[in-house]
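Visitor: Need a 3D model of the sequence below.
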Amino acid sequence: MVRNMKRSCRGALVLLLAVILTGRLVGDESKSIFDGKSLAGLASPEATEGQAADKDTGWKVFVGRWSIGAPQPTGGPPFVMTLKEDFSAKKSHVPRATGKWEYVDGEARVVWDDGWRDIIRPEGQTYLKIAFGPGTNFDSPPNNTASAEKMVSEQWGQNRLLVGWARTDITPDKPVALVGFFRRRISEGVKDRLTATALALESKDPGGKAVEQAIMISCDLISIRKSTNEAVRKLLKARLDDFDSDKLLLNATHTHQAPQQQSGTAKGAFALAAEEKAKGWMTGDDYGKYLAERLAQAAVEAWETRKRAGVSWGIDQAVVGFNRRFVYTDGRAQMWGQVNTPEFDRIEGVEDHSLGLLFFWDAQGKLTGMVINVSSPAQSEQGHNLISADFWHDVREEIAARYSKEVFVLPQCGAAGDIYTLSRLRGRAESAMAERKGITWRREAARRIVDGAARALPTAGKYIDENPVFKHTVARIDIPEKDPPSLPFSEVDSVKPAELHIVRLGEIAVATNPFELFVDYGMRIQARSEALLTLVVQLSCGHSEYLPTSRAVEGGGYSAEQYLVGPEGGQVLVEETVRRINSHWR
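Guide: Model prediction:
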């Protein structure tokens, strides 16, 4: 009798243990009573309230990635907090930190291994992140608070990123006027061919409905005329029914060895004589039509080949751009003036050597292309009569040699209105050092850019996002012009309105403008942006010439005497850009 009772007790214990370990009765093939929750999470003390109960699924609201705004009042960068279904947590601005979270009284509470604690708490229709420093607890006064937004792609049923690439040759096949260096130059041959690279982006919801779109095209040109932008848009409206042509944005690398896109923009300086036209030479309008057709073809190819993909970002340094405005003891300033003189006082402005990077990956995790943003014009070539993409040609060759010819490169010129590709102070030494390496300075600049990308790539490859938040705003704003006017040599595109594009892709913002924008303005935008990294892109969707700072205007000289928009308009551009960037994080 006793033996039978012991045997029954042992059987009951075994059955109970089986239920605990498997979540089901022995032989029962039905769904586990844990309903997919991890045993580790249920066994932990932190998981005992709310989340262990089958009827309470409120904790699921917090699972996913949260965009955390800049903390107040202590400041600091925005970041992304990830709360996983197994109740582990990560934060992007401290990658080594890990945490555990629990669901308590309708809010998520996170305990980090670096001593910090966070709460994500509903506040009406929004959420608030509340932070507590090391040595405190959840009942202590908070160290800071910040906005918390559930990232759209992390709602149940995630939006998916689709990416397509294309490239096209935009080198003219006939002689054409080259723009830049204040003199008439007709092309006499090709040193290296001009390229346009197209990147198509789209996010779709689980039902296949388009949520957001963009086609970016970077061109080996001195600028993008508004007429070019509109011509390509017109072609795309007729060829792509499922793309909003307003979401097209073009940008130029600012090479001075590329053709004029529109006749008459240099007040006749590049006009062709009758006998030159008779030879078949291309006018600016001729090249503009050729260019628009090539760009439209690339846009269509990129759009029609878009596939499921992921994106990651990187940042590094590439010292390839140098301030080219010099101030003398009498207070005057000069662009690319002499420095080997007793009157030389100082370099006027700052330089931005940061290298902003976006990497794109296919569904198998293979690198397909990269966006490279550097605050330097492509201007190492010194005014000869050969067509050239300048150092971006070398960048493409370096990328192809190190990775694959199939990897696309989309260049962006950051704020660089007062920047040149060669240093006036150390240029001779830089060139001599490159020569001793057996390469040109142009190749050296390209290698610095690619070396920076190569340093960032391994880390970026660990953080691929297939479901990034993707938002794209097209803004047309009136920017105040200089009063009284003092227009530059070339005819410029109107800034009433100026076209700006603001793109959010995950943690990164891209912000365009139509100017040769002095570095200071780019830094103001980056400093106040809530994006983790902001890529400012000049000479996009229009050509409105230099936008100098008040410091430059005071010194005068080329780029700061004859211009359409001055410091007052520059600050309007900054405010409008920052406001629109930050709206994508709120």
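Visitor: Now tell me what touches stretch 338-349 from outside.
Guide: 323, 325-330, 333, 337, 418, 424-425, 518-520, 549, 551-552, 555 (C-beta atoms under 8 Å, 6 or more residues apart in numbering). Any C-beta I mention is one placed from the backbone N, CA and C, and that applies to glycine too.
Visitor: switch to 7 Å and redo it
Guide: Stretch 338-349 has contacts (C-beta atoms under 7 Å, 6 or more residues apart in numbering) with 323, 325-330, 333, 418, 424-425, 518-520, 551-552, 555.
Visitor: show me where the stretch 451-586 of the chain has helices.
Guide: 519-528, 550-555, 567-583 (DSSP state H, counting those that start in this stretch).
Visitor: Check the chain too.
Guide: 2-22, 39-43, 226-239, 274-278, 284-304, 391-402, 427-436, 441-460, 519-528, 550-555, 567-583 (DSSP state H).
Visitor: Show me what the third one is packed up against.
Guide: Helices and strands touching helix 226-239, by 3 or more C-beta pairs under 7 Å, 6 or more residues apart in numbering; DSSP states H and E, are strand 248-252, helix 284-304.
Visitor: Could you say which of the ones you listed is packed most deeply?
Guide: Highest mean neighbour count among the helices and strands packed on helix 226-239 (mean count of other C-beta atoms under 10 Å): strand 248-252, with a mean of 26.
Visitor: for the chain, what are the low-confidence residue spans?
Guide: Flagging of the chain using pLDDT under 70 yields the residue ranges 1-57, 152-157.
Visitor: that older thread, between the helices of the chain, which one is closest to His501.
Guide: Closest approach to His501 among the helices of the chain (C-beta to C-beta): helix 567-583, 9.5 Å.
Visitor: Quick check: buried residues in the closest one?
Guide: By 16 or more other C-beta atoms under 10 Å, the buried positions in helix 567-583 come out as 567, 569-574, 576-578, 580-582.
Visitor: go on, stretch 191-201?
Guide: Neighbour counts over stretch 191-201 (16+ other C-beta under 10 Å) mark Asp192, Leu194, Thr195, Ala196, Thr197, Ala198, Leu199, Ala200, Leu201 as buried.
Visitor: do stretch 382-399 as well
Guide: 384, 387-399.
Visitor: Repeat that for stretch 93-100.
Guide: Residues of stretch 93-100 classed as buried by neighbour count (16+ other C-beta under 10 Å): Gly99, Lys100.
Visitor: Quote the end-to-end distance of that stretch.
Guide: Stretch 93-100 stretches 17 Å from its first residue to its last (C-alpha to C-alpha, to the nearest Å).
Visitor: In the record's domain split, what are the boundaries for this protein?
Guide: Here the domain parsing of the chain from automatic domain parsing is 34-150, 160-583.
Visitor: deepest of the ones you listed, which one?
Guide: domain 160-583 (a mean of 20).
Visitor: Pull the distance from that one to the chain's centre.
Guide: 12 Å (C-alpha atoms, centre = their mean, to the nearest Å).
Visitor: do the same with stretch 106-123
Guide: Counting by C-alpha atoms, centre = their mean, stretch 106-123 comes out at 30 Å from the chain centroid.
Visitor: what does that stretch contact?
Guide: In contact with stretch 106-123 (C-beta under 7 Å, 6+ apart) are residues 58, 62, 66, 83, 89, 94, 97-102, 127-138, 148.
Visitor: could you redo the last one with a cut-off of 8 Å?
Guide: Residues outside stretch 106-123 that contact it (C-beta under 8 Å, 6+ apart): 46, 58-59, 62, 66, 81, 83, 89, 91, 94, 97-103, 127-138, 148.
Visitor: Quickly note the distance from Asp285 to Pro485.
Guide: Asp285 sits 26 Å away from Pro485, going by C-beta to C-beta, to the nearest Å.
Visitor: quick one on the thing from earlier: quick one, which of the helices and strands packed on helix 226-239 is nearest to Pro259?
Guide: Taking C-beta to C-beta, helix 284-304 is the member of the helices and strands packed on helix 226-239 nearest to Pro259, at 4.5 Å.
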